[in-house]
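*Asks:* can't give you the sequence, but here's the structure:
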């Protein structure tokens, strides 16, 4: 953290003037302008969902004060709890936010379907938030979170940590310098799912484990009996809780194209899926989980001097065609992005073939670099530094693009998308999936 | 006498062909090939399942011998022809009955097409063989060459090839209805085999070793394939999904769905093929085809036709809906899109069933060219009879192996590409080898079990 003192001061004043949360780190701006971080400059961080990904997010913030940890499953969270004996333990984030007045910032690393309610509650109380990717479960939630971040003027960051990398910056600078000319075609892929998809709801209703508050785990989702096929980890494949392969990996992989190609709203999205056949000759529509594999095709309009571009997403093991320029002995990796430009092709952030990359002079570094981790980048923003690199003004629209693909996966036809008005214009019933019907007792 | 028989007789008489079909038999074929009797004497290998449908279509002829490794599977056929000699082993059938046999229908699982069909060819019998012609490219080429040398009549069982619609497609393309075609997309909703596993990854061989049903000779069912214990996951239904026996969704449906483009665009041998598949590691899981795949072929320019990229999708994956589609028009479960400079044609499976220029306004404006390619009587329903006609007249059947062989080779190239996935395989068709992959070359020619010869 360097020379952020002036900005802290200005920002804190603005925040104060906006009537947001009271200052909790009073002496910080008094000491502004120094290179050392005084003990009193530490953030009070709370985290919700600390059994899985949340644990590594918390660990990355361990130089701050971890004051409260919340998880609906105490057994799953036990290791994290043990590592932070000073932190108060909670099952219900609502109770935690109510009781722990000193929280400055909240990490949200719950399953996808509860990101929005937790993050929104925190932001409404003026807390900074770090939210795992995808930002939310639905498009409308993503839009509302981005709007709330602006309204409450809190520092935000989505947990697509690759966005802090050097590589993605070089990739953008190369493309913006015209290294591969105009790009009209992009392919992106992942090897996910690596959890079960394409399956039906289980009939058995095993008892809920003692440490788990199942009702809280469900949050705004419709009630259903507990089953280990949902929690832990495997929720990603279930329509009601996760966002499938695309939701899991799209915010990492499509992130590259979204930034480098300045994509914004697509004009259309279309998907085809590989469904599982559970009985000979009987095709069963799966309304429970995402498919084993899918291809999602997006079309984006011209942007500035960039021509219209088609982006094709593949998952479930499917990969795009090998680009003609790719060396014979090189494989397509487990995930990646390929840009087909009229003057060249890029894969995994580098021009291919590699010999051509080696001949290319890297353009000037125009994009600011991130020092330290993605979480640190957010901490710096919380303390008054410039907005974090994957703040919600960026991460919201990126998540919207990713989540739109799940519309298409559900509806299996081409959808025309009116981004500004958040509406499918050609298939009215598709609009049901723009948002989500919350269970009684839950509001955003 | 059935109506069809009457028709055949009348036709034969009017052409004055009846005499030819009976007397100077040797004139018609190569050495040793006899022209058939008026009621052609047919033997069937694989008399249950699809074989039964082929038999029904040829019921005006005489069935002189049946072979099926499973009495139960062939029960319907045996019931209908109680007096026809039955064998479990087609080799014994040929041994005992060859004097009575004039023609042979082969409708076994893919991995035994070749051994049964080649035996028939070597004995100079006319041959109707189910699609895909064989299980491997080497077998296809060898059988095609042998059939030609033997001077017999032959037909592959892709019955859509006898349909009027595939001929119309050829005429439209030749007429320039959609201009030069540079891109073709084809798709199938197969595989349709039920999935016995609830979790992935799947593709492991069953561990139980249930008893072989009393009605079945399992060793014969395996034929030239490596021995393994019997399991109902392989037969009677699901062999298509297993490497050693079937050729997957592409092998099953490719000979139907790729057929129209292969003919109309005179595709011939591709220069490259590349496949990608759903979760599936062919080196580790060396047993079954994937749930879904995409195969991408490249064909060079042919005469005045430009180079073509052809893409196959299965497992219910599909191509993108073209811009020219009207609202509400959808892609069916199986079909193809031919993308030309001046328009798009879509058709369904089996011939070019339901072919239309899209959008419909363009279809309506189009003045269809004259029907210049001879039609097959009764279209795809007349496919088996077209073979019978060929045998009797000595004039080639519509999907004879000189056509059906290369079509099958194209399909099987895609099957190999799945096993060496995400690799662009360069194909030297004339020399029947991949120029850049030893791994892929291993799949061209199969290894036969002891006691079976290739």
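*Replies:* That came in fine, so what should we check first? Everything quoted here is computed from the prediction, not taken from an experiment.
*Asks:* contacts and neighbour counts: CA atoms only from here.
*Replies:* Noted.
*Asks:* How about the contacts made by residue B:443?
*Replies:* Residues near residue B:443 by CA atoms under 8 Å, 6 or more residues apart in numbering or on different chains: B:136, B:416.
*Asks:* Where does it fall, secondary structure wise?
*Replies:* Under DSSP states H and E, no helix or strand contains residue B:443.
*Asks:* Tell me how far it lies from chain A.
*Replies:* Residue B:443 sits 20 Å away from chain A, going by CA to the nearest CA, to the nearest Å.
*Asks:* does chain B sit close to the longest helix along chain A?
*Replies:* Counting residues, the longest helix found in chain A (DSSP state H) is helix A:392-411. No. Using CA under 8 Å from any CA of the partner chain, helix A:392-411 stays clear of chain B, coming no nearer than 11.5 Å.
*Asks:* Same question for the very next helix or strand once past that helix: list its buried residues.
*Replies:* Following helix A:392-411 in sequence order, the next helix or strand is strand A:415-418 (DSSP H and E). Residues of strand A:415-418 classed as buried by neighbour count (16 or more other CA atoms under 10 Å in any protein chain shown): A:415, A:416, A:417.
*Asks:* okay if I get those residues as JSON lines plus distance to chain B and pLDDT?
*Replies:* Shown next, in JSON lines, are these (distance: CA to the nearest CA, whole Å; pLDDT from 0 to 100):
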{"residue": "A:415", "distance to chain B": "11", "pLDDT": "95"}
{"residue": "A:416", "distance to chain B": "11", "pLDDT": "96"}
{"residue": "A:417", "distance to chain B": "15", "pLDDT": "98"}
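*Asks:* of all those residues, which comes closest to residue B:89?
*Replies:* Nearest to residue B:89, judged by CA to CA, of these is residue A:415 at 56.2 Å.
*Asks:* so what's the closest one up against?
*Replies:* Neighbours of residue A:415 in contact, by CA under 8 Å, 6+ apart: A:268, A:269, A:270, A:408, A:424, A:425, A:426, A:427.
*Asks:* taking the residues you listed one by one, which sit in helices?
*Replies:* Counting by DSSP H, the members of the contacts of residue A:415 that fall within helices are residue A:408.
*Asks:* Could I get the phi/psi values of residue A:300?
*Replies:* phi -120, psi 140 (degrees, to the nearest 10).
*Asks:* Same question for residue A:188.
*Replies:* As for residue A:188, its main-chain torsions (degrees, to the nearest 10) stand at phi -140, psi 140.
*Asks:* One more: residue A:184?
*Replies:* The phi and psi values for residue A:184, taken as degrees, to the nearest 10, are phi -120, psi 0.
*Asks:* repeat for the one 5 residues further on
*Replies:* Here the main-chain torsion angles of residue A:189 (degrees, to the nearest 10) amount to phi -150, psi 160.
*Asks:* do residue A:169 as well
*Replies:* Dihedral angles of residue A:169 (phi, psi; degrees, to the nearest 10) stand at phi -70, psi -40.
*Asks:* tell me the contacts of residue B:185?
*Replies:* B:310, B:311, B:312, B:313, B:319, B:336, B:337, B:338.
*Asks:* and the residue nearest to the last one when sequence neighbours are not counted, what are its bridge partners?
*Replies:* Once flanking residues are discounted, residue B:338 sits nearest to residue B:184: 4.6 Å by CA to CA, 6 or more residues apart in numbering or on different chains. Counting by DSSP bridges, residue B:184 is bridged to residue B:310, residue B:338.
*Asks:* Residue B:184 reaches residue B:307, doesn't it?
*Replies:* No. With contact defined as CA atoms under 8 Å, residue B:184 does not count as touching residue B:307 (10.9 Å).
*Asks:* which of these two has more neighbours?
*Replies:* residue B:184 (24 against 18; other CA atoms under 10 Å in any protein chain shown).
*Asks:* Against chain A, how distant is that one?
*Replies:* Shown here: residue B:184 relative to chain A, a distance of 15 Å by CA to the nearest CA.
*Asks:* so what's that residue up against?
*Replies:* For residue B:184, the contact set (CA under 8 Å, 6+ apart) comprises B:261, B:308, B:309, B:310, B:311, B:336, B:337, B:338, B:339.
*Asks:* For the fifth one, which non-adjacent residue is closest in space?
*Replies:* By that I understand residue B:311. Once flanking residues are discounted, residue B:311 sits nearest to residue B:296: 4.5 Å by CA to CA, 6+ apart.
*Asks:* repeat for the second one
*Replies:* The shortest distance from residue B:308 to any residue that is not its chain neighbour, by CA to CA, 6+ apart, is 4.3 Å, and that residue is residue B:182.
*Asks:* Residues in contact with stretch B:304-314: which ones?
*Replies:* Residues contacting stretch B:304-314 (CA under 8 Å, 6+ apart): B:180-191, B:249-250, B:265, B:292-301, B:319.
*Asks:* Give me the subset of these lying in helices.
*Replies:* B:249, B:250.
*Asks:* I'd assumed residue B:139 was in a helix, is it?
*Replies:* Yes. Read with DSSP: H, G, I helix; E, B strand; the rest coil, residue B:139 is one of the residues of a helix.
*Asks:* where are the low-confidence patches of the stretch 101-250 of chain B?
*Replies:* Residue ranges of the stretch 101-250 of chain B with pLDDT under 70: B:193-203.
*Asks:* Quick one: neighbours of residue A:381, just the number.
*Replies:* Residues near residue A:381, counting by other CA under 10 Å, number 24.
*Asks:* I meant to write residue A:369 there.
*Replies:* Residue A:369: 12 surrounding residues under other CA under 10 Å.
*Asks:* Nearest residue to it in space, please, no chain neighbours.
*Replies:* The shortest distance from residue A:369 to any non-neighbouring residue, by CA to CA, 6+ apart, is to residue A:166 (6.8 Å).
*Asks:* dump the residue contacts of the closest residue to residue B:61 other than its chain neighbours.
*Replies:* Once flanking residues are discounted, residue B:61 sits nearest to residue B:39: 4.7 Å by CA to CA, 6+ apart. Neighbouring residues of residue B:39 by CA under 8 Å, 6+ apart: B:60, B:61, B:62.
*Asks:* now do residue B:302
*Replies:* Per CA under 8 Å, 6+ apart, neighbours of residue B:302: B:266, B:267.
*Asks:* Specify the beta-bridge partners of it.
*Replies:* Applying DSSP bridges, one finds that residue B:302 bridges with residue B:305.
*Asks:* Same check on residue B:358?
*Replies:* Here residue B:358, judged by DSSP bridges, has bridge partners residue B:344.
*Asks:* Mind pulling the model confidence for it?
*Replies:* For residue B:358, the model assigns a pLDDT of 97.
*Asks:* Show me what from the stretch 1-150 of chain B comes close to chain A.
*Replies:* Contact residues, the stretch 1-150 of chain B versus chain A (CA under 8 Å from any CA): none.
*Asks:* Kindly provide the distance from residue B:176 to chain A.
*Replies:* Relative to chain A, residue B:176 is positioned 29 Å away (CA to the nearest CA).
*Asks:* State the number of residues packed around the residue nearest to residue A:369.
*Replies:* Residue A:166 has 15 neighbouring residues, counting by other CA under 10 Å.
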